[in-house]
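Trainee: Here is the input, now give the coordinates:
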Amino acid sequence: MKLWANGINLNYHDEGKGGPALVFLHHWGGSSRTSTGVRQRLSAKYRTIAIDLRGWGDSDAPEEGYSIVDMTNDVQCAMSVLRLERYVVVGHSMGGKVAQLLASRRPGGLAGLVLVAPTPAGGVQVPEEQRRAMLSAYDDAASVAGALDNVLTAEPLTAELRQQAIEDSLRGAPQAKHAWPTSGRAEDVAADIDRINVPTIVITGELDKIDPVPILQRDVVERIRGTRLEILSGAGHLLPMERPADLAQSIGRFVAQNVPS
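Mentor: As a prediction, the model looks like this:
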């Protein structure tokens with residue numbers, strides 16, 4: 001399905017019913033499909049919505065506008081279009097950075113925040129060698145496979161999920177692929193991070209190479225009041241695809257305990 005938000009068409013999947021709604025935002029290189037295995041396990045009890053961020057999946061890919069602020073404006077506008085009365089944002093990696101900025105704005109209806117291996121809102125400086133590697137990570141199937149095997153995951157994906165991850169990364173618009181390593185990851189949107197006033201949890205993999213546990217503890221957990229940290233043993237960065245069952249269980253438990261229906 002498509003909705004018009006902030007001047008572009010955003011593609012989204014909307015399944016299940018019940019409240020609060022769970023809104024999923026994907027990582028750099030992903031799409032709304034990334035969270036399918038998680039959403040399938042939650043949609044019997046909750047309405048689940050997954051959005052293709054601009055330049056990814058089947059959403060529009062304007063020539064510019066790929067900052068964290070731009071993507072957050074898209075999502076905030078989409079929440080208004082969908083008229084969600086109560087919702088929890090589940091942001092993964094890049095989507096987790098968007099989720100932090102959104103929550104700091106205290107939008108009406110936001111009832112909880114789930115940050116899955118999130119990039120810190122304060123920005124992460126990317127060394128030049130790493131930046132060059134990121135810029136070529138999604139050039140072709142072989143480079144995506146290398147990123148999956150050596151950086152993104154600690155456990156092998158099924159053949160089907162592996163192919164899906166490769167397809168999603170290759171489909172990204174060039175401008176969306178370029179923006180994150182050159183500016184988005186380093187963008188500092190933490191000025192109002194202490195304004196987040198909804199129940200928050202950080203769920204991450206023990207072996208995450210992108211944003212390791214000590215970084216998330218220091219730059220996310222300790223900066224958002226009352227945030228709890230949950231670590232999935234033996235897992236890497238790509239939790240929605242590596243550990244969909246465990247992640248769904250953690251999300252469901254958090255929502256049940258902190259966000260009344």
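
Trainee: give me the number of residues near G123?
Mentor: Neighbour count of G123, defined by other C-beta atoms under 10 Å: 18. For every residue, glycine as well, the C-beta is placed using N, CA and C.

Trainee: element containing it, please.
Mentor: Element membership for G123, per DSSP states H and E: none, as it lies in no helix or strand.

Trainee: List the contacts of the residue lying closest to it once chain neighbours are set aside.
Mentor: Leaving aside its chain neighbours, G123 sits nearest to D188 (4.0 Å; criterion: C-beta to C-beta, 6 or more residues apart in numbering). Residues counted as contacts of D188 (C-beta atoms under 8 Å, 6 or more residues apart in numbering) are A121, G122, G123.

Trainee: Which one of these is nearest to W28?
Mentor: Looking at the contacts of D188 and their distance to W28, the nearest is G123, at 14.4 Å (C-beta to C-beta).

Trainee: Wait, the closest one touches A191, no?
Mentor: No: if you go by C-beta atoms under 8 Å, G123 and A191 don't touch, sitting 11.0 Å apart.

Trainee: which residues in the protein form helices?
Mentor: In the chain, the helices defined using DSSP state H lie at 36-42, 68-82, 94-104, 128-135, 141-147, 159-171, 174-179, 213-216, 239-242, 244-258.

Trainee: looking at those helices, which is closest to T48?
Mentor: Nearest of the helices of the chain (C-beta to C-beta): helix 36-42, 4.2 Å.

Trainee: What are the buried residues along that closest one?
Mentor: Residues T36, G37, V38, R39, R41, L42 are the ones in helix 36-42 that count as buried (16 or more other C-beta atoms under 10 Å).

Trainee: Same question for stretch 74-82.
Mentor: Within stretch 74-82, the residues scored as buried using 16+ other C-beta under 10 Å are D74, V75, Q76, C77, A78, M79, L82.
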